[in-house]
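Visitor: Okay, structure incoming, though there's no sequence with it:
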Ligand code: PXG
């Protein structure tokens, strides 16, 4: 730690932060007044703030620290690569050893028909790359009129112009005249929120058929691709009914449009398989990756490319005029490679599938009888607890997001980090979380729900 950091303290950090730092996805005015929480260190599944308070990080940073914090092997991989070759680019017919090794290893763990990766610095850059690749692919194929990409309402594909446009987050579209032309959206497969009286199976088919309807509306000869997360993460851990993905897969095949699966959250073990596509038996043409690729230790993302698309690029002739200074940064690649090696050699994903995910899901279901809880849903190392005012009618409290924020703050006071999307509490813990940590996670969540419930009862008593 530098001298300046050692003599600093929480109040000073908060003041300097408020004076000089604009935070992502934050109300910076409110944050300046309240003061940011300053996180100073981490180990395993836990982080500590600048006052020494300990938190169980049930959110793995931001859906990304799959291996947990403090893995010395990753520090060593970075240090060694920094010494040997801290930077070189991949343009002008150049490669570096860590990038070659990482590309090979990714091909080994990905579905069989996917054997190439194009590297980026983040998930957003991956999805910007998707847009360029998809359109270039159809150019090469002699169908340049195929330009339109179909995404989903409430999907999240990043915060750059193309990423936010492919995503379907209305508050993001409202800032910056998005989406850009050539991107349209269909409904999400959110049974609890939108399925009404339908069975999940029937609703899954209805939500999938929306893709076919949109393809016919746009004109099949103009549609280039469909992009979706296997399970919507930031949108609220929306797990599609079992009928959804098989029908989507049928539709993209019938109309010969590219299937882009955004694996930024679901990739690298989150579902108990290497990829969400493995879990659902999908055959994507492109997969966006980031986050768990390096467990968040360094920024790296990419687009994994199926053989039919990679071959077109190789045979199609000419340059692909796209890339970043930090495409496949060697230090990030070395860390990602070590991260994947550990995930594989320690059998972490198998343990998730066979032991810890079933345990997490069974324990979470114990929260379903809480008076605040409308639905508990989860899959793999993903869990969501949806808070409602009326459990029978599935109605929410007024001012959507307020109760979720209350609950999140009560959880923080308990020493538990959860994320709230609207009034749904989300968790996505490191894959290395153990059964005793899961017990702690669930009991702290229950205490946060109790405290939120007590507060709401008090408010209603005063109003009555
Ligand atoms: N795709 C998906 C599915 C994501 O979840 C991105 C792409 C973009 O990745 P980068 O590395 O550019 O951030 C993401 C990122 C939230 C939240 O509040 C989620 C993300 C990012 C920021 C906030 O849940 N996911």
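Guide: Yep, it's here. As the structure is a prediction and not an experimental result, all values here were calculated from the model.

Visitor: for the residue of the stretch 351-464 of the chain found nearest the ligand, what are its contacts?
Guide: Residue nearest to the ligand within the stretch 351-464 of the chain (C-beta to the nearest ligand atom): residue 419, separated by 5.9 Å. C-beta coordinates here come from the backbone N, C-alpha and C atoms, glycine included. By C-beta atoms under 8 Å, 6 or more residues apart in numbering, residue 419 lies in contact with 59, 408, 425, 426, 427, 428.

Visitor: Return the subset of these lying in helices.
Guide: Members of the contacts of residue 419 lying in helices (criterion: DSSP state H): residue 408.

Visitor: Next, give me the two most distant ones among the contacts of residue 419.
Guide: Pairwise distances across these peak at 14.1 Å for 408 and 428 (criterion: C-beta to C-beta).

Visitor: which of the two has more neighbours?
Guide: Neighbour totals were compared for residue 408 and residue 428, and residue 428 leads with 29 against 19 (other C-beta atoms under 10 Å).

Visitor: Am I right that residue 261 falls within a strand?
Guide: Yes. Assessed with DSSP: H, G, I helix; E, B strand; the rest coil, residue 261 lies in a strand.

Visitor: ok, it to residue 247 distance?
Guide: In this structure, residue 261 and residue 247 are 15 Å apart, going by C-beta to C-beta, to the nearest Å.

Visitor: just residue 282 next, same as before
Guide: Remark: distance between residue 282 and residue 247 (C-beta to C-beta) = 12 Å.

Visitor: again with residue 20
Guide: Taken as C-beta to C-beta, the span from residue 20 to residue 247 is 51 Å.

Visitor: between those two, who's got more neighbours?
Guide: More neighbours surround residue 247 than the other of residue 20 and residue 247, with 19 against 7 (other C-beta under 10 Å).

Visitor: Looking at the residue lying closest to the more buried one once chain neighbours are set aside now. What's its pLDDT?
Guide: Leaving aside its sequence neighbours, residue 247 sits nearest to residue 208 (C-beta to C-beta, 6 or more residues apart in numbering; 3.6 Å). The model reports residue 208 with a pLDDT of 98.

Visitor: Show me which parts of the helix or strand containing residue 208 are buried, residue by residue.
Guide: Here residue 208, judged by DSSP states H and E, is contained in helix 200-218. Judged by neighbour count (16 or more other C-beta atoms under 10 Å), helix 200-218 contains these buried residues: 200, 203-208, 210-212, 214-215, 218.

Visitor: Same question for stretch 243-250.
Guide: Neighbour-count burial for stretch 243-250 flags 243, 244, 245, 247, 248, 249 (criterion: 16+ other C-beta under 10 Å).

Visitor: can I get those in TSV with secondary structure and distance to residue 177?
Guide: Below are the buried residues of stretch 243-250 laid out as TSV (DSSP: H, G, I helix; E, B strand; the rest coil; distance: C-beta to C-beta, whole Å):
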residue	secondary structure	distance to residue 177
243	coil	36
244	helix	31
245	helix	32
247	helix	33
248	helix	29
249	helix	33
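
Visitor: for those residues, which one is nearest residue 69?
Guide: Nearest to residue 69 out of those is residue 245 (C-beta to C-beta; 33.0 Å).

Visitor: residue contacts, that closest one?
Guide: 208, 230, 280, 281, 282.

Visitor: Mind doing that once more with 10 Å?
Guide: 189, 204, 208, 228, 230, 261, 276, 277, 279, 280, 281, 282 (C-beta atoms under 10 Å, 6 or more residues apart in numbering).

Visitor: Helix, strand or coil: sort out residue 146 for me.
Guide: Classification of residue 146 by three-state DSSP places it in coil.

Visitor: Grab the nearest non-local neighbour of it.
Guide: Nearest to residue 146 is residue 138, by C-beta to C-beta, 6+ apart, at 3.9 Å.

Visitor: Got the confidence number for that neighbour?
Guide: 97.

Visitor: ditto for residue 460
Guide: Looking at residue 460, its pLDDT reads 79.

Visitor: Can you say which helix or strand has it in it?
Guide: Under the criterion of DSSP H and E, residue 460 resides in helix 435-463.

Visitor: From the contact counts, what lies against that helix?
Guide: If you count contacts as 3 or more C-beta pairs under 10 Å, 6 or more residues apart in numbering; DSSP states H and E, helix 435-463 packs onto strand 54-57, helix 357-364, strand 373-379, strand 382-387, helix 402-414, strand 416-417, strand 424-427.

Visitor: Adjacent strands (with direction) for the fourth one?
Guide: Based on DSSP bridges, the pairing partners of strand 382-387 within the sheet are strand 373-379 (antiparallel), strand 424-427 (antiparallel).

Visitor: Can you tell me which of those is most buried?
Guide: Of all the strands paired with strand 382-387, strand 424-427 carries the top mean neighbour count, a mean of 27, counting by mean count of other C-beta atoms under 10 Å.

Visitor: Report the buried residues of stretch 288-307.
Guide: Under the neighbour-count criterion of 16+ other C-beta under 10 Å, stretch 288-307 has 288-306 buried.

Visitor: Kindly identify which of those residues also come near the ligand.
Guide: Within the set of these, contact with the ligand (C-beta under 6 Å from any ligand atom) is found for 290, 301.

Visitor: In strands, which of the buried residues of stretch 288-307 fall?
Guide: When DSSP state E defines the strands, the subset of those inside them is 288, 289, 301, 302, 303, 304, 305, 306.

Visitor: In space, what's closest to the third one - neighbours in sequence excluded?
Guide: Read that as residue 301. residue 290 (3.3 Å).

Visitor: Contacts only, for that neighbour.
Guide: 63-64, 120-127, 158, 262-265, 267-268, 296, 299-302.

Visitor: and if you look at residue 271?
Guide: 230-231, 239, 263, 265, 277-280, 349, 352-353, 357, 379-382.

Visitor: switch the cut-off to 8 Å
Guide: 230, 231, 278, 279, 379, 380, 381, 382.

Visitor: who in the stretch 1-150 of the chain is up against the ligand?
Guide: Residues of the stretch 1-150 of the chain lying close to the ligand (C-beta under 6 Å from any ligand atom) are 25, 62, 122, 123, 124, 127.

Visitor: quick one, domains of the protein?
Guide: When the chain is parsed into structural domains using automatic domain parsing, the resulting residue ranges are 37-70+348-460, 72-345.

Visitor: first to last residue in the shortest one, what's the distance?
Guide: Right, the one you point to is domain 37-70+348-460. In domain 37-70+348-460, first residue to last residue: 30 Å (C-alpha to C-alpha, to the nearest Å).

Visitor: what does stretch 372-387 give?
Guide: End to end - C-alpha to C-alpha - stretch 372-387 spans 5 Å.

Visitor: repeat for stretch 276-286
Guide: For stretch 276-286, the end-to-end distance is 13 Å (C-alpha to C-alpha).

Visitor: thinking again about what came up before, will you turn the contacts of residue 271 into CSV that also has pLDDT and distance to residue 173?
Guide: CSV is the format used below for the contacts of residue 271 (pLDDT from 0 to 100; distance: C-beta to C-beta, whole Å):
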residue, pLDDT, distance to residue 173
230, 98, 23
231, 98, 22
278, 98, 32
279, 98, 29
379, 98, 28
380, 98, 29
381, 98, 30
382, 98, 25
